[in-house]
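Chemist: whatever this is, show me its structure:
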Amino acid sequence: METIPTWQVLSLAGILGWILFSRLINLTVRIRSLTQPFVTTQVEKYISLVLRVQSRKHPFLDAFFSYLSCIVSVPFYTGFLPLLFWSGHCKLGRQMTLLIAFCDYTGNCIKDIVSAPRPSSPPVRRLAKTEEEKENAMEYGLPSSHTLNTICFSGYLLYYIINNFNNTNGFSFKLVVISLMVTLSLLIGIGRIYLGMHSLIDVVFAAVLGTMILVIWLAVHERLDSFITSGKNVTSFWASLAFLLLFAYPTPELPTPSFEFHVAFNGVALGVVTGINRTFSEFHNEHVPKLFGPHLGTTMFLKRIMIGLPIIIAVKFVSKALAKGLLPLICNLMGIPIKSSSYIQPVKGVTVSAVKTQGVGQFSLSSRQAGYVQKIFLSTPEECYDVDTGIRLLQYAGLAWAVVELVPLVFQSMGL
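Modeler: Numbers count the residues shown, from 1 in each chain. Here you go, the predicted structure:
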């Protein structure tokens, strides 16, 4: 039997202790009372700046900044990250996935702790042309997730490109790449203000936070990668971590979709780590054929995309269906009363309370979370468990697992 490293036990115990301690002293409310008034004042103070930026409005700028924002959106990650794995750049894929999941968790936690407003509309003109932007507008403002994610995304991509695609014109190559990444980050930040989605403080704070996260990530990413690919007890540790992170999340002042985004990325990270750890030597080591290398041509890569995308879409729906069928039954067998906001209807023999709220599954540092933690860990009086959270976690974990394990198996069997 594989022994469990001491650091893993201490890490999980520390997170659990933090969850209970935070709830005990009502930490979220305490921090909010200190930060929200200042941030709100700054947002109101710089509304005039937002209006000055928007005074340059033009249909081209409206379309340009709206579509530019899609570069760091959930649909973009859903399409882009699988391509990294299937193109043979597996290390970049797994590091990007975990980095964005960490950014999403950190940024959304801060959003919901501070619960600071976005610039008031009116007088600010808020442009939310896509359904995702309309959903983003329901979140709180500080920090700007688009700016935060762009800093980390472009920064790590810059690091990877410089270290893996350098050529004889080393300085010129680095200068061009750096210029492109810096320009992208600046345009995203300006665009968030132009679109009326954020104030100056949201963007500046996100840029500082993103830079700090990127620096820390570059200091630890090799050690993290070594653990994921060849460490001990990886899958069970990460599954336990993913479970605890559902509870280690603050309750916002009013319901927002931020927690749902965290659950989705949490599931993706779990699926990627599980699949990579199981199949690293077969499909994800540094010797696999890479796009732009001598052994993986563009034609074969396009075939991979045409085969892989339908598979992961199908797996996502199957995972969701299985979770919708099994989780309520498992909860019923364990005596846990459940509710569902949207995914399931009341099932005969299963305790389900259908509830319609915006804030789906807010596992948090509030009295609601206290009930969950007590029920699961301390066997105290029952509260309803929002089963949609578990369904969403398993759905996205299944999708990510298919990207890194199931689809490569299909590629192998087809000679791709």
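Chemist: which parts of this structure are strands?
Modeler: In chain order, the chain shows strands spanning 338-340, 352-354, 385-386, with DSSP state E as the criterion.
Chemist: mean pLDDT for those strands: which is lowest?
Modeler: Comparing these by mean pLDDT, the weakest confidence falls on strand 352-354, with a mean of 44.
Chemist: and for residue 393, the neighbour number?
Modeler: A total of 26 residues lie near residue 393 under the criterion other C-beta atoms under 10 Å. Backbone N, C-alpha and C define where each C-beta goes, glycine included.
Chemist: that one: what's it in contact with?
Modeler: 242, 246, 263, 266-267, 270 (C-beta atoms under 8 Å, 6 or more residues apart in numbering).
Chemist: taking these one by one, which sit in helices?
Modeler: Here DSSP state H is the test, and those give 242, 246, 263, 266-267, 270 as lying in helices.
Chemist: now for this protein, the helix or strand with the poorest mean pLDDT.
Modeler: Here the helix or strand of the chain ranked lowest by mean pLDDT, DSSP states H and E is helix 367-373, holding a mean of 39.
Chemist: just for the protein, where's the confidence low?
Modeler: In the predicted model of the chain, residues 1-2, 166-170, 293-294, 342-383 satisfy pLDDT under 70.
Chemist: give me that answer again for 80
Modeler: For the chain, applying pLDDT under 80 flags the ranges 1-2, 71-78, 128-133, 164-174, 291-296, 331, 334-386, 416.
Chemist: and the longest helix for it?
Modeler: With DSSP H applied, the helix covering the greatest number of residues in the chain is identified as helix 298-333.
Chemist: in that helix, what counts as buried?
Modeler: With burial defined by 16 or more other C-beta atoms under 10 Å, the residues of helix 298-333 counted as buried are 301, 304, 308-309, 312, 315-316, 319-320, 323-324, 327-328, 331-332.
Chemist: which of those residues sits closest to residue 124?
Modeler: Nearest to residue 124, judged by C-beta to C-beta, of the buried residues of helix 298-333 is residue 316 at 36.3 Å.
Chemist: so that closest one sits against residue 398, correct?
Modeler: Yes - taking C-beta atoms under 8 Å as the definition, residue 316 is a contact partner of residue 398 at 6.6 Å.
Chemist: next up, the contacts around residue 67.
Modeler: Applying C-beta under 8 Å, 6+ apart, we find residue 67 in contact with no residue.
Chemist: distance of it from residue 407?
Modeler: Note on residue 67: its distance to residue 407, by C-beta to C-beta, to the nearest Å, is 28 Å.
Chemist: got it, and residue 157?
Modeler: When C-beta to C-beta is applied, the distance between residue 157 and residue 407 equals 23 Å.
Chemist: higher neighbour count, those two?
Modeler: The residue with more neighbours, out of residue 157 and residue 407 and counting by other C-beta under 10 Å, is residue 407; that gives 25 against 18.
Chemist: give me the nearest residue to the more buried one, chain neighbours excluded.
Modeler: Setting aside the residues directly before and after it, residue 407 is nearest to residue 308 in space (C-beta to C-beta, 6 or more residues apart in numbering), at 4.5 Å.
Chemist: list the contacts for that neighbour?
Modeler: Neighbouring residues of residue 308 by C-beta under 8 Å, 6+ apart: 82, 86, 403, 407, 410-411.
Chemist: now, the most widely separated pair of those?
Modeler: 82 and 410, at 12.9 Å, using C-beta to C-beta across the contacts of residue 308.
Chemist: the more surrounded of these two?
Modeler: For residue 82 versus residue 410, the count of surrounding residues by other C-beta under 10 Å is larger for residue 82: 23 against 14.
Chemist: test my guess that the more buried one contacts residue 403.
Modeler: Yes - with contacts counted by C-beta under 8 Å, residue 82 reaches residue 403, the gap being 4.6 Å.
Chemist: common neighbours of the two, please.
Modeler: Jointly contacting residue 82 and residue 403 under the rule C-beta under 8 Å, 6+ apart are 308, 312.
Chemist: if we can go back for a sec, how far out from the middle of the chain is the longest helix of the chain?
Modeler: Distance of helix 298-333 from the chain centroid (C-alpha atoms, centre = their mean, to the nearest Å) equals 18 Å.
Chemist: do the same with stretch 172-187
Modeler: Taking C-alpha atoms, centre = their mean, the mean C-alpha location of stretch 172-187 is offset from the chain mean by 24 Å.
Chemist: contacts for that stretch?
Modeler: Contact partners of stretch 172-187, identified using C-beta under 8 Å, 6+ apart, comprise 65, 68, 71, 147, 150-151, 154-155, 157-158, 161-162, 165-167, 207.
Chemist: repeat the analysis, applying 10 Å as the threshold.
Modeler: The set of residues that contact stretch 172-187 without belonging to it, under C-beta atoms under 10 Å, 6 or more residues apart in numbering, is 64-65, 68-69, 71-72, 147, 150-159, 161-162, 165-167, 169, 194, 207, 210-211.
Chemist: if you look at these, which of them are in helices?
Modeler: Restricting the contacts of stretch 172-187 to those inside helices, with DSSP H as the criterion, leaves 64-65, 68, 147, 150-159, 161-162, 194, 207, 210-211.
Chemist: pull out the buried residues from the residues you listed.
Modeler: Those of the ones in helices among the contacts of stretch 172-187 that meet the buried threshold are 65, 68, 147, 150-159, 161, 194, 207, 210, by 16+ other C-beta under 10 Å.
Chemist: who touches residue 154 in this structure?
Modeler: Residue 154 makes contact with 71-72, 177-178, 180-185, 188, 210, 214, according to C-beta under 10 Å, 6+ apart.
Chemist: the closest residue to it other than its chain neighbours: neighbour count?
Modeler: Take residue 154 and drop its neighbours on the chain: the residue closest to it by C-beta to C-beta, 6+ apart is residue 181, 4.1 Å away. For residue 181, the tally of surrounding residues (other C-beta under 10 Å) stands at 20.
Chemist: any idea how far residue 188 is from residue 181?
Modeler: When distance is defined by C-beta to C-beta, residue 181 is 11 Å away from residue 188.
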